[in-house]
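Participant: Next one to model:
(one chain, ligands or ions: 1)
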Amino acid sequence: MTSDDGQPTSAVSDIARKMREDWDRRAHVDAKYWVAATAEADDESYQESAVKDAAALLEGLGDAVGPEARVLDLGCGIGRLAAELSGRFAEVVGVDVSPQMIAVARRMHAQKPDVRFEANSGVDLAGFADGEFGLVFSYSVLPHIPPDVLEGYFLEVGRVLREGGLFRFQFWIGEPHAAAAADTLSIRTYSRAEVDRMAADGGLDIVSTETIDYFDPVLKMHPVWVNARRVRPPARSVTPPAPREATTHISAEQELEYGLLLYLAVKHGERGEIEDAERVIEQALRLDPSRPEAYVQWATWRIEADDLKGAVTLITEMNTRVPDSTHGWLYRAQFCEAAGDLRTAERALDKLAALQPDDPELVEQAAAIRKRLRPL
Ligand SMILES: C[S@@+](CC[C@H](N)C(=O)[O-])C[C@H]1O[C@@H](n2cnc3c(N)ncnc32)[C@H](O)[C@@H]1O
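Facilitator: Take a look at the predicted model:
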């Protein structure tokens, strides 16, 4: 088996590697945004989300877990929730497949000695002893994880929980909704029977669920908190996930990530944070250079900054990468006309005409430029 760049791959570790690389990449762009995904995409809403989600986490626990318990946050990200639990339990340990997330978590919460962070393999909880935790919790992690990895985590959570300990996790239960096997971003939903089965394999009994106050317009459902109690040893030990193709291009995952990056960039742009906006839009462009949106958005910011040359460079790249975009050729003609490069403007109009556009407004705009270039 070889990867896209022709390198031989170890299939067993592919998914662990892909999870690590994908989440490291996201963390490098903006870790707070990628863990909290707030509509405002700013620091303030990140902190609000931490307080709100941690309160919901604790409220559902009631007095089921005492202050003497050691707690594990599975997929802790940058410690958004783990840090909020400081002072409440003997120790809180956050684990995450992304070393980049863990590095940020350590920096952000260095002053909290009862909260520590460790990178893990992404497929097991090796390094933690049987029965060492009274509570394992996980928020906005398990629905993104490939199903075979998820099954392994139920076994591992059952192993590291003490008898009677609690696993409290956020999940989507309803009409099953799958994703490509190596997709690390799309949300998967499971039937209640399937969750019961996976939990039971881990030696866990689901004792209750609580609806979370958020409605997803795409999935058309609310997520839930699931509370599962550790009632017996897991049915078996975790095994490495099954080998699979080293898929690096998954269109649904890429489309979602691209859309979320674009959203973040636009939010920065609206707040006038142009440096951040351009840094993020560059990531979207790198992720998928064959889509037009990032070029157009970025060129717009360049125009607003009076950098016509920069805008022309971007649209020229867009014309190469997205040659079928009629708007791309129209922008090229407009920008080149404004820059005084009339020959290139005219060639762009020829390219546009060859695509036989049927958008009357675009045709009209092109005709107006042509008339200005050749008035007679
Ligand atoms: C949407 S973020 C949520 C982070 C955190 N739970 C929170 O609520 O702030 C998902 C996190 O899960 C981590 N993650 C994804 N797959 C994982 C895996 N297989 N094992 C451990 N962590 C994983 C990612 O690196 C990322 O930090």
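Participant: so what's the closest residue to the ligand within the chain up against?
Facilitator: Taking Cβ to the nearest ligand atom, the ligand has its nearest neighbour within the chain at residue 77, 2.9 Å off. For every residue, glycine as well, the C-beta is placed using N, CA and C. Residue 77 makes contact with 27, 31, 34-35, 94, 96, 98, 101, 105, according to Cβ atoms under 8 Å, 6 or more residues apart in numbering.
Participant: cutoff 7 Å now
Facilitator: Residue 77 sits next to 35, 96, 101 when contact means Cβ atoms under 7 Å, 6 or more residues apart in numbering.
Participant: Quick check: phi and psi on it?
Facilitator: phi 60, psi -130 (degrees, to the nearest 10).
Participant: Cross-check the contacts of residue 77 against the ligand and keep the overlap.
Facilitator: Near the ligand, judged by Cβ under 6 Å from any ligand atom, the entries from the contacts of residue 77 are 35, 96, 101.
Participant: What average pLDDT does the helix or strand hosting residue 33 get?
Facilitator: Following DSSP states H and E, the helix or strand that holds residue 33 is helix 11-36. For helix 11-36, mean pLDDT is 91.
Participant: Which elements pack onto that helix?
Facilitator: helix 43-61, helix 99-108, helix 251-270, helix 274-287 (3 or more Cβ pairs under 7 Å, 6 or more residues apart in numbering; DSSP states H and E).
Participant: What are the buried residues along the first one?
Facilitator: Think helix 43-61. Within helix 43-61, the residues that count as buried by 16 or more other Cβ atoms under 10 Å are 45-46, 49-50, 53-54, 56-58, 60-61.
Participant: contacting residues around that helix?
Facilitator: By Cβ under 7 Å, 6+ apart, the list of residues contacting helix 43-61 from outside reads 32, 36, 38, 80-81, 84-85, 137, 139, 168, 210, 225, 227.
Participant: Also the longest one?
Facilitator: With contacts defined as Cβ under 7 Å, 6+ apart, helix 251-270 is touched by 29-30, 33, 41, 179-180, 183-186, 276-277, 280-281, 283-284, 287-288, 291, 293-294, 297, 301.
Participant: Likewise for stretch 358-376?
Facilitator: Stretch 358-376 has contacts (Cβ under 7 Å, 6+ apart) with 326-327, 330, 333-334, 337, 342, 345-346, 349, 352, 357.
Participant: Buried by neighbour count, from those residues: which ones?
Facilitator: By neighbour count, with 16+ other Cβ under 10 Å, the contacts of stretch 358-376 hold 326-327, 330, 333-334, 337, 345-346, 349, 352, 357 as buried.
Participant: want to try JSON lines for the contacts of helix 43-61, with distance to residue 261 and neighbour count as columns?
Facilitator: As requested, those are exported to JSON lines (distance: Cβ to Cβ, whole Å; neighbours: other Cβ atoms under 10 Å):
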{"residue": "32", "distance to residue 261": "14", "neighbour count": "22"}
{"residue": "36", "distance to residue 261": "15", "neighbour count": "20"}
{"residue": "38", "distance to residue 261": "15", "neighbour count": "17"}
{"residue": "80", "distance to residue 261": "20", "neighbour count": "26"}
{"residue": "81", "distance to residue 261": "24", "neighbour count": "25"}
{"residue": "84", "distance to residue 261": "27", "neighbour count": "22"}
{"residue": "85", "distance to residue 261": "30", "neighbour count": "22"}
{"residue": "137", "distance to residue 261": "28", "neighbour count": "30"}
{"residue": "139", "distance to residue 261": "22", "neighbour count": "25"}
{"residue": "168", "distance to residue 261": "31", "neighbour count": "21"}
{"residue": "210", "distance to residue 261": "32", "neighbour count": "15"}
{"residue": "225", "distance to residue 261": "29", "neighbour count": "20"}
{"residue": "227", "distance to residue 261": "35", "neighbour count": "21"}
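Participant: Contacting the ligand as well, which ones from the residues you listed?
Facilitator: On the criterion Cβ under 6 Å from any ligand atom, 36, 80-81, 139 are the entries of the contacts of helix 43-61 that sit beside the ligand.
Participant: Next, format those residues as TSV and append secondary structure.
Facilitator: Listed next are those as TSV, based on DSSP: H, G, I helix; E, B strand; the rest coil:
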residue	secondary structure
36	helix
80	coil
81	coil
139	coil
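Participant: ok, how many other residues are close to residue 363?
Facilitator: If you count neighbours by other Cβ atoms under 10 Å, residue 363 ends up with 16.
Participant: that older thread, tell me the pLDDT at the residue of the chain closest to the ligand?
Facilitator: Residue 77 is assigned 98 on the pLDDT scale.
Participant: likewise the one 10 residues further on?
Facilitator: Residue 87 carries a pLDDT score of 98 in this model.
Participant: List the contacts of it.
Facilitator: Taking Cβ under 7 Å, 6+ apart, we find residue 87 in contact with residue 114.
Participant: So it belongs to a helix, correct?
Facilitator: No: under three-state DSSP, residue 87 sits outside any helix and is assigned coil.
Participant: coming back round to it: can you tell me which of the contacts of helix 43-61 is nearest residue 309?
Facilitator: Residue 309 has its nearest neighbour among those in residue 32, at 33.6 Å by Cβ to Cβ.
Participant: nearest spatial neighbour of the closest one, skipping sequence neighbours?
Facilitator: Distances taken as Cβ to Cβ, 6 or more residues apart in numbering place residue 46 nearest to residue 32, at 4.4 Å, with adjacent residues excluded.
Participant: Which of the residues in the helix holding residue 33 are classified as buried?
Facilitator: Neighbour-count burial for helix 11-36 [16+ other Cβ under 10 Å]: 13-20, 22-27, 29-36.
Participant: And stretch 150-169, by the same measure?
Facilitator: 150-161, 165-169.
Participant: which residues in the protein form strands?
Facilitator: Taking DSSP state E as the criterion, the chain carries its strands at 70-74, 91-96, 115-119, 133-138, 161-171, 204-211, 224-230.
Participant: how about the ones you listed in a markdown table, adding distance to residue 192 and mean pLDDT?
Facilitator: Converted to a markdown table, these look like this (distance: least, Cβ to Cβ, whole Å; pLDDT from 0 to 100):
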| stretch | distance to residue 192 | mean pLDDT |
| --- | --- | --- |
| strand 70-74 | 21 | 98 |
| strand 91-96 | 27 | 98 |
| strand 115-119 | 32 | 98 |
| strand 133-138 | 18 | 98 |
| strand 161-171 | 10 | 98 |
| strand 204-211 | 8 | 97 |
| strand 224-230 | 10 | 98 |
